[in-house]
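[1] Fold the following.
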Amino acid sequence: QGNMAFTGKYEFEGDENYDDFVTKLGLPSDKIEMGRNCKIITEVVQNGNDFTWSQHFPGGRTTTNTFTIGKEADMETMGGRKFKATVKMEDGKIVAEFPNYHHTAEISGGKLVEISTASGVTYKRTSKKIA
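    You can find the predicted model right below:
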């Protein structure tokens, strides 16, 4: 584990509460359909407290956020909205407040487990390590 706990490439494996969550966020139905069971590849490069977190979507679109634990950073949501956030590390989990949801990410059993909570709905996405 240690410093490089998050570094790796992860492929979407499964999720829970997707529809409820994206509906709460107010995503349009075409975006909801596009994201359902979307084989997102998440690529993480961790260097101490510095992270580069990329999500590669089918069709070639990529969202990349670069941040340092404890420092404010310019971030972008999956939907492309720009915002500022200070990412924290709590008990080995990455914790970030997005504009309309609370997000955590951790490595558990060799998998990347991401949990987002909005208006009482919890969305969980699990990705398996492929590199």
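[2] so which strand or helix has the residue nearest the centre of the chain?
    Using CA atoms, centre = their mean, the residue of the chain that lies closest to the mean C-alpha position is residue 114, 5.9 Å off. Element membership of residue 114, judged by DSSP states H and E, is strand 111-118.
[3] nearest spatial neighbour of residue 35, skipping sequence neighbours?
    With CB to CB, 6 or more residues apart in numbering as the criterion, residue 35 has its nearest non-adjacent residue at 6.7 Å, and that residue is residue 22. Every C-beta, even on glycine, is put in place using the N, C-alpha and C of the backbone.
[4] same question but for residue 95, I mixed them up
    residue 88 (4.7 Å).
[5] again with residue 16
    residue 124 (4.5 Å).
[6] neighbours of that neighbour, just the number please.
    16 (other CB atoms under 10 Å).
[7] Any idea what residue 102 is bridged to?
    residue 97, residue 117 (DSSP bridges).
[8] thought it was touching residue 116?
    Yes - here residue 102 lies in contact with residue 116, judged by CB atoms under 8 Å, at a distance of 7.0 Å.
[9] For those two, indicate the residue with more neighbours.
    residue 116 (23 against 13).
[10] In which helix or strand does the residue nearest to residue 16 reside?
    strand 121-129.
[11] That strand packs against which elements?
    strand 8-16, helix 18-25, strand 111-118 (3 or more CB pairs under 8 Å, 6 or more residues apart in numbering; DSSP states H and E).
[12] Give me the mean pLDDT for it.
    Strand 121-129 carries an average pLDDT of 96.
[13] angle of it against strand 8-16?
    140 degrees (axes from the mean of the first three to the mean of the last three CA atoms, to 10 degrees).
[14] how about strand 121-129: buried residues?
    Residues of strand 121-129 classed as buried by neighbour count (16 or more other CB atoms under 10 Å): 121, 123, 124, 125, 126, 127.
[15] likewise stretch 16-36?
    17, 18, 21, 22, 24, 25, 27, 35.
[16] Please provide the alpha-carbon coordinates for that stretch, formatted as CSV.
    These are the backbone C-alpha positions of stretch 16-36, laid out as CSV (Å, rounded to 0.1, in the frame of the first residue of the first chain):
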residue,chain,number,x,y,z
GLU,A,16,-25.4,0.5,-7.5
ASN,A,17,-28.2,3.1,-7.5
TYR,A,18,-27.0,4.7,-10.8
ASP,A,19,-30.4,5.8,-12.0
ASP,A,20,-31.6,7.3,-8.7
PHE,A,21,-28.3,9.2,-8.3
VAL,A,22,-28.1,10.7,-11.8
THR,A,23,-31.8,11.6,-11.6
LYS,A,24,-31.1,13.5,-8.3
LEU,A,25,-28.3,15.3,-10.1
GLY,A,26,-30.8,16.3,-12.8
LEU,A,27,-28.9,14.8,-15.7
PRO,A,28,-30.8,14.7,-19.0
SER,A,29,-32.0,11.2,-20.0
ASP,A,30,-29.7,10.9,-23.0
LYS,A,31,-26.7,11.5,-20.7
ILE,A,32,-28.2,9.0,-18.2
GLU,A,33,-28.5,6.4,-21.0
MET,A,34,-25.0,7.0,-22.2
GLY,A,35,-23.5,6.6,-18.7
ARG,A,36,-25.4,3.4,-17.8
